[in-house]
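A.B. asks: Need coordinates for the below:
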Amino acid sequence: MRVAIGSDHAGFFLKGDLCSLLDELRVEYRDFGTFSTDPVDYPDFIAPVARAVARGEFDRGIVLGGSGTGEAIVANKVRGIRCVEAADPVTARLGREHNDANVLSMGARIVGTEVARA
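C.D. replies: Numbers count the residues shown, from 1 in each chain. Next up, the predicted model:
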């Protein structure tokens, strides 16, 4: 399993927590940024994640922002991407099982680290 992960400045810390989890699980991933809490335009980091998944370079993607809504919208504009926004493990699982989602969007201002890790 190869995972592409990216965030805007609001999702920066949650992205770090999830990268640590991926390390613990020995999941190969690439961090597409952002690499600080300096304000950025989220599409600059979310669209490359979605395009990499759509091209088949990665099996799944994770995109993070303040709410996760804008990130899901940007990801879903890429042909071949089925991004689900989830604030709990059940919604994430159902999005994968019933909608064949290949990208997960979460809001760092909505979802805490423990829920995101689940």
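
A.B. asks: which residue ranges form the helices in the chain?
C.D. replies: Here the chain has its helices, by DSSP state H, at 12-24, 43-54, 69-76, 89-99, 113-117.

A.B. asks: now for the third one, which elements pack on it?
C.D. replies: Meaning helix 69-76. helix 43-54, strand 60-65, strand 83-85, strand 103-107 (3 or more Cβ pairs under 8 Å, 6 or more residues apart in numbering; DSSP states H and E). For every residue, glycine as well, the C-beta is placed using N, CA and C.

A.B. asks: closest one to residue 92 among those?
C.D. replies: For these, proximity to residue 92 was assessed by Cβ to Cβ; strand 103-107 is nearest, at 5.7 Å.

A.B. asks: Run me through the strand neighbours of that closest one, direction for each.
C.D. replies: Strand pairing for strand 103-107, using DSSP bridges, gives strand 60-65 (parallel), strand 83-85 (parallel).

A.B. asks: for these, which one sits closest to residue 44?
C.D. replies: strand 60-65 (11.9 Å).

A.B. asks: what angle separates the closest one from helix 12-24?
C.D. replies: 160 degrees (axes from the mean of the first three to the mean of the last three Cα atoms, to 10 degrees).
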